[in-house]
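Novice: fold the following, please.
(one chain, ligands or ions: 2)
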Amino acid sequence: MTRDERLAALEQIANEVRACSACRLAGGRTRAVPGEGDADTEVIFVGEGPGFNEDREGRPFVGRAGGLLVRLLGSIGWQRDAVFITNVVKCRPPDNRDPEPDEIAACAPYLRRQLEVLDPAVVVTLGRHSMGTFMPGSRIGQVHGTARQADPTTGARDATVLAMYHPAAALRTPALERESYEDIARLPGVLQRSRDRRAGIAAVAAAPSAEPAADAVAPSTGVVAAQAPLGASIQTAEPPAPADVGSQLTLF
Ligand code: URA
Ligand code: SF4
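Specialist: Numbering: from 1, shown residues only. Ligands and ions are numbered 1, 2, ... in the order given. Okay, the predicted model is just below:
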């Protein structure tokens, strides 16, 4: 997919979300919150659901939890508009209650389609409900800060999942906030390893069938990785240059 095709596909999904009434959360929303970010990104953050401020603005993570998310990203030299940010449910649960399983299930096709379009190298889950989609059966206290391969049926064809606490939980508990900084510090390395793995897979896919695939997989050649499309919109070595924030923000 080209960038323009991705932008159009994300806009199409966002328009469907804004018109959606597939679950009871439609009745209580002010604005649906489809998600936003860089259509070329390699990294998608998935939270739980819109809160009070998100519901008013139609944008994800714009309240206090969003402030912490921006600080966490800043601690590794990233800016929020370099990634894509969305939620498992796109409409605010009343009084910020947890989303119900049937609401998560009703909304899941939108997240799956966003993942299919973006084809991220890394999915960062924020909180238990997002973790439940990508690491079912796990316990957040045990898996936060750890990474594993995404199940392709989530829509993330070839991604690594990194689990984190929800920023709102981290705001309530200083120990979780400290651990969140440690967890996000792993993200650049997780991204690099996922890139390397995806480049290896791309090289195998491109290899002539007569060639033994094992040659193409060897991760130490460097040549293979250099040939693979990395879409390196995120710098892992150095912080990105200060951005003209307003002009870079893409809303979906
Ligand atoms: N909490 C979430 O899970 N998502 C948001 O968008 C904001 C707060
Ligand atoms: Fe539709 Fe999702 Fe909103 Fe429910 S939460 S109405 S499924 S967009």
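Novice: for the closest residue to residue 30 other than its chain neighbours, what are phi and psi?
Specialist: On the basis of Cβ to Cβ, 6 or more residues apart in numbering, the spatially nearest residue to residue 30 that is not a chain neighbour turns out to be residue 55, at 4.8 Å. For the C-beta atoms, the positions are set from N, CA and C on the backbone; glycine is no exception. Dihedral angles of residue 55 (phi, psi; degrees, to the nearest 10) stand at phi -60, psi -30.
Novice: touching ligand 2 at all, the helix or strand harbouring residue 116?
Specialist: Here residue 116 is covered by helix 101-118, with elements defined by DSSP states H and E. Yes - Helix 101-118 lies in contact with ligand 2 when judged by Cβ under 6 Å from any ligand atom; the contacting residues are 103, 106, 107.
Novice: report the distance from that helix to the chain centre.
Specialist: Here helix 101-118 is found 12 Å from its chain centre; the criterion is Cα atoms, centre = their mean, to the nearest Å.
Novice: same question for that helix: list its buried residues.
Specialist: Of the residues in helix 101-118, those scored as buried under the neighbour-count criterion (16 or more other Cβ atoms under 10 Å) are 103-104, 106-107, 110-118.
Novice: go on, stretch 194-212?
Specialist: By neighbour count, and taking 16+ other Cβ under 10 Å as the criterion, the buried residues in stretch 194-212 are 194, 195, 196, 197, 198, 199, 200, 202, 203, 207.
Novice: right, and the first one touches residue 157 too?
Specialist: No - look at residue 194 against residue 157 with Cβ atoms under 8 Å: they stay out of range, at 11.8 Å.
Novice: does ligand 1 sit close to stretch 52-65?
Specialist: Yes - contact check for stretch 52-65 against ligand 1, using Cβ under 6 Å from any ligand atom: residues in range are 54, 60, 61, 65.
Novice: how far does that stretch sit from the chain's center?
Specialist: Offset of stretch 52-65 from its chain centre (Cα atoms, centre = their mean): 17 Å.
Novice: just the buried positions in stretch 131-148, please.
Specialist: Buried residues in stretch 131-148, counting neighbours by 16+ other Cβ under 10 Å, are found at 131, 132, 133, 134, 135, 138, 140, 143, 144, 145, 147.
Novice: nearest residue to residue 159 in space, ignoring adjacent ones along the chain?
Specialist: Looking at residue 159 with Cβ to Cβ, 6+ apart, the closest residue is residue 150, at 4.2 Å.
Novice: now the buried residues of stretch 131-148 in a markdown table, with secondary structure and distance to residue 39?
Specialist: What follows is these, written out as a markdown table (DSSP: H, G, I helix; E, B strand; the rest coil; distance: Cβ to Cβ, whole Å):
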| residue | secondary structure | distance to residue 39 |
| --- | --- | --- |
| 131 | helix | 25 |
| 132 | helix | 26 |
| 133 | helix | 22 |
| 134 | helix | 21 |
| 135 | coil | 26 |
| 138 | coil | 30 |
| 140 | helix | 29 |
| 143 | helix | 29 |
| 144 | coil | 28 |
| 145 | coil | 28 |
| 147 | strand | 24 |
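Novice: quick one: which of those residues is nearest ligand 2?
Specialist: Looking at those and their distance to ligand 2, the nearest is residue 133, at 13.3 Å (Cβ to the nearest ligand atom).
Novice: tally of neighbours for residue 24?
Specialist: 14 (other Cβ atoms under 10 Å).
Novice: now do it against ligand 2, distance only.
Specialist: 7 Å (Cβ to the nearest ligand atom, to the nearest Å).
Novice: and for residue 114?
Specialist: Distance of residue 114 to ligand 2, given as Cβ to the nearest ligand atom: 12 Å.
Novice: residue 26 now?
Specialist: When Cβ to the nearest ligand atom is the yardstick, residue 26 and ligand 2 sit 4 Å from each other.
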